[in-house]
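# sequence unavailable; structure follows:
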């Protein structure tokens, strides 16, 4: 449908499919046409699939909580990462949200713990430092036991703002401040890299031995 | 995540979000990453939105039925189109599925009724004539009262196959067989049109007066 105005008067032969399309299209990135395709797909599938989907969504929303230590999504008061004796709680990686935790966990290369901010400082979106879990991070630093704080926020304007705000808040604590390495992706070709990334890669070069697999 | 193999070992800090992502990603065109984004979005929204979505899906699946006359989606035994006294039941438009009904209804330019086949003949996908509502259409023709049958199937290989199969089945009935006009879209420029469409447009030209708005 080329004319977006026409979408408003989409004619549904069923009030129920209209409601389903209405609710599905409230999800981000899903328009009315996609919502209709998804609803019709569910109608062609066994009823059990729709029931399982609905139950999983309600269960997720009602029974998921956030870890009281690191604020990541968890089914329990303390998440499995914070509760694990194998993880080094003296190293804390500061990330924006739970997706970053999952991304780092997927690498299998990090044995410390996390602190999920729950967003980034963004005056445009009305998100200030008070909306994030920064106070709790400061409290954890005051309580002691943290030796290294790894900043792993995205290098967007909001990420850089939050990085800088955090840096000023934590720089007087007796803690190592580090940040994840930025550079050319493994497998990428130098000639196609953007200048900023390549510039950082060359300036922040590391001893060759460190780059070898352990 | 570039390596699709890594997706299999996605680490979820919560079993509930893992289940939700699992169920959401069973929908067509939605991968694990999109599913996670949708699940996290719901977690940030009021609980009522998730409940409404889940309820709408279950309600759709359990309480929607297909019109016993035209096989379109309906909340009632007979759909609102077939039940309407304003619609001309002597003209029946044959379409693939309910989305085509909605598309034609949105034009506001058709006052006849429909017959939804529920798919197209596609040996590749194991869909034969018996899987569609063709027998019911033949029965409706035998019962009488239908004066015109409008073929409005997509011009894909499956659509053409189904068109031809239907044509052989219905050509001996005393009924006008028509098909929707194919040609250059309104507003499109001739020089950019494909040859087949432009060829049909010129061969199946109509009297000028017919092209004027009524």
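Everything's here; your move. Keep in mind it's a predicted model, so treat the numbers as computed, not measured.
# pLDDT below threshold where in chain A?
Low-confidence segments of chain A (pLDDT under 70): A:1-10, A:213-214.
# which SSE is residue A:177 in?
strand A:176-179 (DSSP states H and E).
# show residues contacting that strand.
A:147-152, A:163, A:167, A:170-171 (C-beta atoms under 8 Å, 6 or more residues apart in numbering or on different chains). To be clear about C-beta, it is placed using only N, CA and C from the backbone, and glycine gets the same treatment.
# now with 10 Å?
Here strand A:176-179 makes contact (C-beta atoms under 10 Å, 6 or more residues apart in numbering or on different chains) with A:90-91, A:93-94, A:146-153, A:155, A:163, A:166-167, A:170-171, A:204.
# parallel or antiparallel, list what pairs with that strand.
If you go by DSSP bridges, strand A:176-179 pairs up with strand A:148-151 (parallel).
# pull the residues that contact the strand it pairs with.
Contacts for strand A:148-151 (C-beta under 10 Å, 6+ apart): A:88, A:90-95, A:104, A:110, A:112, A:114-115, A:137, A:140-141, A:159, A:162-163, A:166-167, A:170, A:173, A:175-180.
# can you name the element that comes right after it?
Taking DSSP H and E, what comes next after strand A:148-151 is helix A:157-170.
# buried ones in that next one?
The neighbour-count check on helix A:157-170 (16 or more other C-beta atoms under 10 Å in any protein chain shown) flags A:158-159, A:161-163, A:165-166, A:170 as buried.
# in chain A, what residue spans correspond to strands?
A:65-66, A:73-74, A:88-95, A:112-116, A:148-151, A:176-179 (DSSP state E).
# pipe those into CSV and attach mean neighbour count per row.
Formatted as CSV, those follow (neighbours: other C-beta atoms under 10 Å in any protein chain shown):
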stretch, mean neighbour count
strand A:65-66, 16
strand A:73-74, 24
strand A:88-95, 20
strand A:112-116, 23
strand A:148-151, 18
strand A:176-179, 14
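# quick check: which of the ones you listed is nearest to residue B:40?
strand A:73-74 (8.0 Å; C-beta to C-beta).
# so how far is that closest one from its chain's centroid?
Taking C-alpha atoms, centre = their mean, to the nearest Å, one finds strand A:73-74 lying 12 Å from the centre of the chain it belongs to.
# residues in contact with that strand?
Strand A:73-74 is contacted from outside by A:60, A:64-68, A:79-83, A:97-99, A:101-102, A:116, B:12-17, B:39-40, B:43, using C-beta under 10 Å, 6+ apart.
# in ChimeraX, select just the buried ones from the residues you listed.
For the buried members of these, the matching ChimeraX selection, counting by 16+ other C-beta under 10 Å, is:
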select /A:60,64,66,67,79,80,81,82,97,98,101,102,116 /B:12,13,14,15,16,17,39,40,43
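# farthest-separated two in the buried residues of helix A:157-170?
Maximum distance among the buried residues of helix A:157-170 (C-beta to C-beta): 18.3 Å, for A:158 and A:170.
# what angle do the biggest helix by length in chain A and helix B:47-63 make?
If you go by DSSP state H, chain A has its longest helix at helix A:47-63. Angle, helix A:47-63 to helix B:47-63, by axes from the mean of the first three to the mean of the last three C-alpha atoms, to 10 degrees: 170 degrees.
# could you list the domains of chain A?
What automatic domain parsing lists as the domains of chain A is A:4-63, A:73-180.
# and those as CSV, adding distance to residue B:51?
Below are the domains of chain A laid out as CSV (distance: least, C-beta to C-beta, whole Å):
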stretch, distance to residue B:51
domain A:4-63, 6
domain A:73-180, 19
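# tell me which of those domains lies nearest to residue B:194.
Using C-beta to C-beta, these put domain A:4-63 closest to residue B:194, at 23.8 Å.
# dig out what the closest residue to residue A:14 other than its chain neighbours forms beta bridges with.
In this structure, residue A:14 finds its nearest non-sequential neighbour in residue B:73, 4.5 Å apart by C-beta to C-beta, 6 or more residues apart in numbering or on different chains. When assigned by DSSP bridges, residue B:73 has beta-bridge partners residue B:66.
# which residue of chain A lies farthest from its centroid?
residue A:13 (39.8 Å; C-alpha atoms, centre = their mean).
# what residues does that one make contact with?
Contacts of residue A:13 (C-beta under 10 Å, 6+ apart): B:64, B:66-67, B:70, B:72-76, B:79-82, B:98, B:101-102, B:105, B:114, B:116.
# what is the burial count for residue A:34?
18 (other C-beta atoms under 10 Å in any protein chain shown).
# surely it meets residue A:28?
No - if you go by C-beta atoms under 10 Å, residue A:34 and residue A:28 don't touch, sitting 11.6 Å apart.
# wait, residue A:47 touches residue B:64, no?
No - Residue A:47 is beyond contact range of residue B:64, at 11.1 Å (criterion: C-beta under 10 Å).
# circling back: which of the contacts of strand A:73-74 fall in helices?
Those of those lying in helices (DSSP H): A:60, A:80-83, A:98-99, A:101-102, B:15-17, B:39-40, B:43.
# run the chain-centre distance for the longest helix of chain A.
For helix A:47-63 - counting by C-alpha atoms, centre = their mean - the centre lies 23 Å from the chain centre.
# list the buried ones in it?
A:49-51, A:53-54, A:56-61.
# of those residues, which are in range of chain B?
Restricting the buried residues of helix A:47-63 to those touching chain B (C-beta under 10 Å from any C-beta of the partner chain) yields A:49-51, A:53-54, A:56-61.
# which one among those gets closest to residue A:21?
Nearest to residue A:21 among those: residue A:50, at 14.3 Å, using C-beta to C-beta.
# how about the closest one, what does it touch?
Residue A:50 sits in contact with A:20, A:39, A:41-43, B:23, B:54, B:57-62, where contact means C-beta under 10 Å, 6+ apart.
# 8 Å instead?
Per C-beta under 8 Å, 6+ apart, neighbours of residue A:50: A:42, B:57-58, B:60-61.
# residue A:80 now?
With C-beta under 8 Å, 6+ apart, residue A:80 has these contacts: A:74, B:13.
# hmm, back to that, any chance of the contacts of residue A:50 in TSV, with distance to residue B:123 too?
What follows is these, written out as TSV (distance: C-beta to C-beta, whole Å):
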residue	distance to residue B:123
A:42	26
B:57	33
B:58	35
B:60	31
B:61	29
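# only the buried residues of stretch A:141-156, if you could.
In stretch A:141-156, counting by 16+ other C-beta under 10 Å, buried: A:141, A:146, A:149-153.
# closest one of these to chain B?
The shortest approach to chain B among the buried residues of stretch A:141-156 belongs to residue A:152, at 15.7 Å (C-beta to the nearest C-beta).
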